[in-house]
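[1] Sequence and predicted model, in that order:
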Amino acid sequence: VKGRCECGKPKAKKHKPGKHPRAGGWQHKDATKDHAKISQWIGQYPNGNFAVITGIDTVVLDLDVRPSEGKDGVAEMSALEATAGQQLPPTVTVLSGSGTGSKHLYFRVPKTVTHLQKPKGTKGIDFLSTSQGVVVPGSRHESGHFYEFAPGLSPDEIELADLPNWLQ
């Protein structure tokens, strides 16, 4: 249902439908890579959203496109690429269910970097890098649409790229 998540609560200032865990302490207590447990949850919570924790195996470059808030992370990233004289390497990419063009780009965790900062002067770009959750494909966005892998950029089709030095 648009504007609501599985918990039944509507969108509010402190509640973002589909972007919160079912239980507190999930980063440390409930998070798992156990495929059997994940399959169990999918059966138990067929309308639930799922996330991965960033900063362990991956960092995520979150490019938000929210015209009503003056955010266009995709355009900002294009400008950063032009300034760097390099494009981001192809990597696992998730399209948000927002329908605005927002996306999540997954990269390997840089070995030498402990904290990634938002590129200066950007409003629509964030790094999800330390014990944050990022919603994964199959999850429903508050718009009612689903998160999905970009064509040709799922983990079955492409490896995680290294985060370019010019973004670290």
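    Thanks, I have the structure now.
[2] Listing request: residues of the chain with sub-threshold pLDDT.
    Residue ranges of the chain with pLDDT under 70: 1-30, 114.
[3] Centre of the chain to the lengthiest helix in it, how far?
    The residue-count maximum for a helix in the chain (DSSP state H) belongs to helix 73-84. A distance of 19 Å separates the centroid of the chain from that of helix 73-84, by C-alpha atoms, centre = their mean, to the nearest Å.
[4] What of stretch 42-50?
    Relative to its chain's centre, stretch 42-50 lies at 18 Å (C-alpha atoms, centre = their mean).
[5] Dump the C-alpha coordinates for that stretch into PDB.
    Extracted in PDB, the C-alpha atoms of stretch 42-50 (Å, rounded to 0.1, in the frame of the first residue of the first chain):
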ATOM      1  CA  ILE A  42      11.000 -14.300   3.600                       C
ATOM      2  CA  GLY A  43       8.400 -17.000   4.200                       C
ATOM      3  CA  GLN A  44       7.500 -15.600   7.600                       C
ATOM      4  CA  TYR A  45       7.300 -11.900   6.400                       C
ATOM      5  CA  PRO A  46       6.300 -12.100   2.700                       C
ATOM      6  CA  ASN A  47       5.500  -8.300   2.700                       C
ATOM      7  CA  GLY A  48       8.600  -7.400   4.700                       C
ATOM      8  CA  ASN A  49      11.500  -5.300   3.400                       C
ATOM      9  CA  PHE A  50      15.100  -6.500   3.800                       C
END
